[in-house]
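Visitor: No letters, just coordinates:
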């Protein structure tokens, strides 16, 4: 006898099917695949957590490429793991070292904060250099 999906899974499948019916074909195909995963696993939370991780990893890859940052996950012993992502800047980009097992969304948030901080510092340096050049005239 085939096991019926849980109420949560059945609701998630129904929501995916309803959304797929009201959207363009490419998105409908994606929603259909999500519905099939939920149906197979019976665990919508796990499916959505997996999807979030996949999309976060892709966002992280794109932002890192835009800023010429290489992202590495540390393989240090547990007691030597950094508490959060560390970004080391070079003249041409940077190196982001993420704690082992950290969710890509957390790495992305921390890396974006480091990028914003660096851009702010660069803007301050530019203004300072401009003021020095102005004063030298």
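Guide: The structure has been received and is ready for your questions. These figures come from a predicted structure and were not determined experimentally. Numbers count the residues shown, from 1 in each chain.
Visitor: Need the per-residue pLDDT for residue 51.
Guide: Here, the pLDDT recorded for residue 51 equals 89.
Visitor: what's the spacing between it and residue 38?
Guide: Applying CB to CB, to the nearest Å, the value for residue 51 to residue 38 is 10 Å. (C-beta placed from N, C-alpha, C; glycine too.)
Visitor: Between those two, tell me which one has more neighbours.
Guide: residue 38 (25 against 13; other CB atoms under 10 Å).
Visitor: Name the SS class of that one, please.
Guide: helix (DSSP: H, G, I helix; E, B strand; the rest coil).
Visitor: and if you look at residue 83?
Guide: Reduced to three states with three-state DSSP, the structure at residue 83 is coil.
Visitor: ok, now the one 5 residues further on?
Guide: Applying three-state DSSP to residue 88 yields a three-state assignment of strand.
Visitor: and the residue nearest to it when sequence neighbours are not counted, how many residues sit next to it?
Guide: Counting by CB to CB, 6 or more residues apart in numbering, residue 88 lies nearest to residue 95, which is 4.7 Å off, once chain neighbours are set aside. By other CB under 10 Å, 14 other residues sit near residue 95.
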